[in-house]
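J.: From the sequence below, what's the structure:
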Amino acid sequence: MSKHTPWYIHAADDHITIRAEDTDGIVATIEDGGLLIDTAPPTFSREEMDAHARLIAAAPDLLAALKTLRPMVGSPDGHTVGDVWRAQKQADDAIAKAQEE
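T.: Predicted structure coming up:
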């Protein structure tokens, strides 16, 4: 499994880029409503590009899992064991999607 590098967002007038903090390489570009994953070598290896793409694809699932789990962390009262189990399963599935090889 490839390690994901920390990213930052750079917004310009006509596009937004997601860049790797360690190399400043472009992970993805969003322009005209479309998302383009960087495929131009030598910025990232194929393994790194695949890892970045999996993480981007899993982002909605990861956000949903965090939104489900967050209320349980701050206030566990009122949540059944089933609620916690389902939230944990949702988080596990999202993590697996992001890390799948």
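
J.: what's the first-to-last distance across stretch 70-85?
T.: 14 Å (CA to CA, to the nearest Å).

J.: hmm, who's touching the helix or strand of the chain with the lowest mean pLDDT?
T.: Lowest mean confidence among the helices and strands of the chain (mean pLDDT, DSSP states H and E): strand 34-37, at a mean of 72. Strand 34-37 has contacts (CB atoms under 8 Å, 6 or more residues apart in numbering) with Val27, Ala28, Thr29, Ile30, Met49, His52, Ala53, Ile56. For every residue, glycine as well, the C-beta is placed using N, CA and C.

J.: how does it look with 10 Å?
T.: Outside strand 34-37, the residues that touch it by CB atoms under 10 Å, 6 or more residues apart in numbering are 15-18, 26-30, 44, 49-50, 52-53, 56-57.

J.: biggest helix in this protein, by residue count?
T.: Longest among the helix segments of the chain by residue count, using DSSP state H, is helix 46-74.

J.: Which positions within that helix qualify as buried?
T.: Going by neighbour count (16 or more other CB atoms under 10 Å), the buried part of helix 46-74 is Glu48, Met49, Ala51, His52, Arg54, Leu55, Ile56, Ala58, Asp61, Leu62, Ala65, Thr68.

J.: Skip the chain neighbours and tell me the closest residue to Phe44.
T.: Closest residue to Phe44 apart from its sequence neighbours, by CB to CB, 6 or more residues apart in numbering: Gly25 at 6.0 Å.

J.: In the sheet, which residues pair with Thr17? Tell me.
T.: Beta-bridge pairing for Thr17 (DSSP bridges): His10, Thr29.
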